[in-house]
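Q: whatever this is, show me its structure:
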Amino acid sequence: MDGKLLARLGAIVFVAVAITATAIEMTRKEEEPAGQVLRPVEVTPADPLRQAQRRCQLLGEAASRDTECLRTWAETRDRFLGVTPAPASPQPQDGR
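A: Sure thing, here's the model as predicted:
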């Protein structure tokens, strides 16, 4: 056999196999799951810090002057950085 003829025959066989595989794949039907698996919904308790963040978000620019928002942002920053807040130092009492 001539080399050119063998190469052409190989190309024809390759194209035939590719067309057949494409036709089989296109006619195959997707199998649908037998039934939907229902997973229990986990109810997470409301996070007061998250609610305060939402409130500050809704305030917009006014939040930069709101003391509660400043406290919320400080707590959020500490939580993110893993810093535990220092306990409040006791106030000195007058001995009068």
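Q: those helices in the chain, which residues are they?
A: Residue ranges of the helices in the chain, as given by DSSP state H, are 3-27, 48-59, 67-81.
Q: now do the second one against helix 67-81, angle only.
A: By that I understand helix 48-59. Between helix 48-59 and helix 67-81, the angle comes out at 130 degrees (axes from the mean of the first three to the mean of the last three C-alpha atoms, to 10 degrees).
Q: and helix 48-59, what other elements does it pack with?
A: helix 67-81 (3 or more C-beta pairs under 8 Å, 6 or more residues apart in numbering; DSSP states H and E). Using the backbone N, CA and C atoms, a C-beta is placed for each residue, glycine as well.
Q: now the helix it packs on, how far from the centre of its chain.
A: Using C-alpha atoms, centre = their mean, to the nearest Å, the mean C-alpha position of helix 67-81 is found 23 Å from that of the whole chain.
Q: just to revisit the earlier point, with mean pLDDT and mean neighbour count as added columns, please give the helices of the chain in TSV.
A: Below are the helices of the chain laid out as TSV (pLDDT from 0 to 100; neighbours: other C-beta atoms under 10 Å):
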stretch	mean pLDDT	mean neighbour count
helix 3-27	93	9
helix 48-59	92	13
helix 67-81	92	13
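Q: who wins for proximity to Glu42 among those?
A: If you check each of the helices of the chain against Glu42 by C-beta to C-beta, helix 48-59 wins as the nearest, at 15.9 Å.
Q: what sits up against that closest one?
A: With C-beta atoms under 8 Å, 6 or more residues apart in numbering as the test, helix 48-59 has contacts from Ala63, Asp66, Glu68, Cys69, Thr72, Trp73, Glu75, Thr76, Arg79.
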